[in-house]
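Participant: prediction below, plus the sequence it came from.
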Amino acid sequence: MQPLYRHEFTVGQDAIDENGHVNNVVYVQWMQDVAVLHSNATGCTDATREIGAMWVARSHKIEYLNPAFAGDRIEALTWVVNFRKVRSLRRYKFVRTSDQAVLAQGETDWVFMDARRGRPRVIPEEVSGIFTLVDADQQP
């Protein structure tokens, strides 16, 4: 399994705010979207559902570096940094493909939850073992 997940897309007009560039909250949506795509591609989504669990975002951190505009082609990268008892840290980077400008980078602290009880649950090996972790010196 590749530790980095890549997804390309084109910025739509609906992502643009009154300042003429991608609205800051859109990046948070993109973070969630690419995390779900990665989870689906690895089989983590199915494995999580099979054991009656779900992932819930505990916190998001994002740093905006350059503006993006309608029509820009973006490469979203995401990777898993660690698994702790009931939490996992995932990072993201958004790059404009035309000039390789890093537009934003961020991370989400995810909590593994029992779907029925709504309480944190220890992350089992059948879920954590799906991903190859990317440590700090390997991050893009």
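Facilitator: Sure thing, it's come through.

Participant: what comes into contact with the helix or strand in which Gln29 is found?
Facilitator: Under the criterion of DSSP states H and E, Gln29 resides in helix 24-42. Helix 24-42 has contacts (CB atoms under 8 Å, 6 or more residues apart in numbering) with 1, 5, 7, 15, 44-45, 48, 55, 57, 60, 62, 64, 74, 76-78, 90, 92, 94, 103-104, 106, 108, 110, 130-131. Backbone N, C-alpha and C define where each C-beta goes, glycine included.

Participant: need the strands for this protein, in chain order.
Facilitator: According to DSSP state E, the chain carries its strands in the segments 5-10, 53-64, 73-83, 87-96, 102-114, 119-120.

Participant: picking up where we left off before, show me which of the contacts of helix 24-42 are buried.
Facilitator: Neighbour-count burial (16 or more other CB atoms under 10 Å) applied to the contacts of helix 24-42 gives 5, 15, 44-45, 48, 55, 62, 74, 76-78, 90, 92, 94, 103-104, 106, 108, 110, 130-131.

Participant: so how far is Val86 from the residue nearest the centre of the chain?
Facilitator: Nearest to the geometric centre of the chain sits Ala35, at 3.4 Å (CA atoms, centre = their mean). Using CB to CB, to the nearest Å, Ala35 is found at 17 Å from Val86.

Participant: again with Val102
Facilitator: 31 Å.

Participant: between those two, who's got more neighbours?
Facilitator: Taking other CB atoms under 10 Å, Val102 and Val86 do not tie; Val86 has more neighbours (16 against 13).

Participant: distance from the centroid: which residue in this protein tops it?
Facilitator: Glu18 (25.9 Å).

Participant: quick check: pLDDT value at it.
Facilitator: Note on Glu18: pLDDT of 97.

Participant: that older thread, what about the residue nearest to the centre of the chain, distance to Asp72?
Facilitator: Going from Ala35 to Asp72 by CB to CB gives 21 Å.

Participant: could you do Ala15 as well?
Facilitator: 10 Å.

Participant: show the pLDDT at Met1.
Facilitator: The per-residue pLDDT reported for Met1 equals 66.
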